[in-house]
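[1] let me see the structure of the following:
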Amino acid sequence: MVVRDREGLRAPVKDSAGKVVMKQFTVTAAPTTTAPTTPAPSNLPPTGGAESILPALLAGATALHYLVRGRSLPPRLASHWDAVGRPDRWVSKRRAAVTD
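    Now for the predicted structure:
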């Protein structure tokens, strides 16, 4: 139900007790415009160079560590310690190798 007031504007709809039960309003979107395209800046730093070698070396060293020393590790490894320094969370050797 659309109720218009004296000026022709949409007024709130009220129930029999006079409480507002619904307000109607209209939303109109602004017209869209296409933004002009700007070329990519030419002073971007190169990527994929020496800075990407370090993470690969660290991942390889971790894998090599578990291949060489994995058999001598206990089946469960501590993964978290409490405030006193006692381990309070454990993971399997396999999970530790995958998440490291």
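[2] contacts and neighbour counts: CA atoms only from here.
    Will do.
[3] could you measure from Arg98 over to Asp15?
    Just to correct that, residue 98 is Val rather than Arg. For Val98, the distance to Asp15 equals 64 Å [C-alpha to C-alpha, to the nearest Å].
[4] and the closest residue to Val13 other than its chain neighbours, what pLDDT?
    Computed as C-alpha to C-alpha, 6 or more residues apart in numbering, the closest residue to Val13 that is not its neighbour in sequence is Met22, at 5.2 Å. pLDDT recorded at Met22 is 70.
[5] roughly how far does Met22 sit from Asp15?
    Taken as C-alpha to C-alpha, the span from Met22 to Asp15 is 9 Å.
[6] burial measure for Ala56, as a count.
    11 (other C-alpha atoms under 10 Å).
[7] hang on, it in a helix?
    Yes: Ala56 forms part of a helix when assessed by DSSP: H, G, I helix; E, B strand; the rest coil.
[8] what segments of this protein are helices?
    Along the chain, the stretches classed as helices by DSSP state H are 53-69, 93-99.
[9] for these, which one sits closest to Pro46?
    For the helices of the chain, the distance to Pro46 is smallest for helix 53-69, at 14.0 Å, taking C-alpha to C-alpha.
[10] so which bits of that closest one are buried?
    Tyr66 (16 or more other C-alpha atoms under 10 Å).
[11] same for it, what does it pack against?
    helix 93-99 (3 or more C-alpha pairs under 8 Å, 6 or more residues apart in numbering; DSSP states H and E).
[12] tell me what the helix it packs on is packed against?
    Packing contacts for helix 93-99, counted by 3+ C-alpha pairs under 8 Å, 6+ apart, involve helix 53-69, strand 76-81.
[13] can I get that helix in PDB? Just the C-alpha atoms.
    Listed next in PDB are the C-alpha coordinates belonging to helix 93-99 (Å, rounded to 0.1, in the frame of the first residue of the first chain):
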ATOM      1  CA  LYS A  93      56.200 -36.600  12.800                       C
ATOM      2  CA  ARG A  94      54.400 -36.600   9.400                       C
ATOM      3  CA  ARG A  95      52.300 -33.600  10.200                       C
ATOM      4  CA  ALA A  96      55.300 -31.700  11.500                       C
ATOM      5  CA  ALA A  97      57.200 -32.500   8.200                       C
ATOM      6  CA  VAL A  98      54.200 -31.200   6.100                       C
ATOM      7  CA  THR A  99      53.500 -28.100   8.100                       C
END
